[in-house]
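>>> would you be able to build a 3D model of this:
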Amino acid sequence: MDHPPTPPPVPALAWEAAAHFCPAGRVTALAPLGRGNVHETFLATAAGADRRRFVLQRLNLSVFPRPEVVLANLRAVSGHLRHQARQAACGRPELAVPELLPGADGRDSWPGPDGSLWRALSYIPGTRTPLVLEGPDHAREMGWALGRFHLLLGDLDPAALGDPLPGFHCTPAYLKAYDALRAGRTLPSTPEARYAARCIEARRGAAGVLEAARRRGELPVRLIHGDPKVDNILLDKSSGRAVGLVDLDTVMPALLLYDLGDALRSAGNPLGEETRDWEQVRFAPEVAAAFLHGYREGAPGLLTSRERVCVYPALRLIAWELGVRFFADYLAGSVYFRSTDPEHNLRRALVQFRLTESIEAQARELQALIRDTLA
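Numbers count the residues shown, from 1 in each chain. Next up is the predicted model:
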């Protein structure tokens with residue numbers, strides 16, 4: 001009988017950081033939380049009658065070299081959403097997002113003695129974040145949450161936020177970085193690596209489709225979540241309805257199509273991006289339909305006609321882009337995405353490339369579905 005792997009021990013520095021954010025008491029429990037690819041995340045429990053819980057994170061400063069921008073954006077967005085959601089009359093509870101908590105010195109970050117940076121976030125109880133989609137109803141809730149998020153941020157000036165990751169979702173830049181990695185480097189001689197390389201070469205001509213439309217002024221720059229995958233949407237444990245979003249580090253001025261493409265490619269893959277059975281990966285159009293219905297409900301009339309036309313190209317592009325990023329990180333030795341073994345990011349890349357092929361094989365059906373659902 002297989003047993004779940006034993007979680008790694010919690011570092012002593014994490015206990016020190018947690019204590020900083022619990023000045024009125026003491027932390028009695030600290031355990032790894034979630035499955036994030038970037039930060040180290042823990043759930044802390046404080047002593048006391050209410051056993052208050054909060055989320056503790058060690059920020060990955062290699063990925064986010066400007067943490068002050070990440071923190072400032074989170075303050076601005078969480079405050080704006082809190083105000084806007086309370087003014088909204090949508091017949092549902094307000095959209096919840098994590099908020100920064102002050103430490104013993106009143107600041108919302110703590111520099112560790114080893115050069116690390118830690119923060120504490122409010123914990124949203126009674127919720128769960130499934131790793132893979134659980135069906136069309138889940139997809140609709142996911143679409144509603146993302147649409148509501150976009151709508152509520154619609155009157156926050158994009159220029160008021162900094163860019164935490166310059167070049168994020170700029171597909172031509174990722175392709176250029178991949179080409180630089182390949183220069184003078186011998187590709188691993190496995191069928192999987194050769195397949196991944198072929199998938200990249202066959203589609204490089206479409207890498208700039210969204211960026212070119214943005215430069216021509218066809219697509220407006222708005223505020224996006226940046227990483228709206230399945231397990232960043234909070235579901236109420238009792239009702240199954242979406243109640244919030246987490247992981248707001250990539251909120252930035254960009255194209256809504258980046259979020260739509262990313263959310264659709266994540267929701268539309270029933271096997272999830274961590275599956276080892278990558279050859280069986282397929283895109284599920286019925287899930288896409290449910291997601292888009294939910295998005296339209298959450299953000300009625302938000303998308304322009306040009307944005308609606310570009311949803312399919314965005315879906316295809318973002319799935320492929322993520323494959324490029326995973327494969328490049330695999331070749332570089334997994335320096336960006338956290339991994340469990342040397343082949344982990346290669347497997348992730350294969351999943352995205354297979355998903356891209358499935359999306360392309362259903363192009364006409366998906367284009368008609370998107371057009372009819374968002375009309």
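>>> ok, the spatially most central residue of the chain - contacts?
For the chain, Asp227 is the residue whose C-alpha lies nearest the centre (CA atoms, centre = their mean; 2.1 Å). Remark: with contacts taken as CB atoms under 8 Å, 6 or more residues apart in numbering, Asp227 is in contact with Asp247, Asp249, Thr250, Asp262. Bear in mind the C-beta positions are built from the backbone N, C-alpha and C, glycine included.
>>> now, the most widely separated pair of those residues?
Maximum pairwise distance among these (CB to CB): 14.3 Å, between Asp249 and Asp262.
>>> show me where the stretch 151-300 of the chain has its helices.
In chain order, the stretch 151-300 of the chain shows helices spanning 171-182, 191-201, 209-215, 256-267, 285-298, with DSSP state H, counting those that start in this stretch as the criterion.
>>> grab the nearest non-local neighbour of Ile370.
The shortest distance from Ile370 to any non-neighbouring residue, by CB to CB, 6 or more residues apart in numbering, is to Val311 (4.8 Å).
>>> typo on my end, Val55
Nearest in space to Val55, with sequence neighbours left out and distances taken as CB to CB, 6+ apart, is Leu121 at 4.3 Å.
>>> now do the helix or strand where the one you found lies, average pLDDT.
When elements are defined using DSSP states H and E, Leu121 is found to belong to strand 117-122. On average, the pLDDT along strand 117-122 is 96.
>>> and the next element down the chain from that strand?
Next helix or strand after strand 117-122 toward the C-terminus (DSSP H and E): strand 127-128.
>>> and the closest residue to Ser122 other than its chain neighbours, how many neighbours?
Leaving aside its sequence neighbours, Ser122 sits nearest to Glu99 (CB to CB, 6+ apart; 4.7 Å). Counted with other CB atoms under 10 Å, residues neighbouring Glu99 total 18.
>>> quick check: the residue nearest to Ile370 touching Gly261?
Yes - distance between Val311 and Gly261: 7.4 Å, which falls inside the contact criterion (CB atoms under 8 Å).
>>> domain ranges for the chain?
Under automatic domain parsing, the residue ranges defining each domain of the chain are 12-123, 128-374.
>>> just give me the lowest mean pLDDT stretch among those.
Least confident of the domains of the chain, judged by mean pLDDT, is domain 12-123 with a mean of 86.
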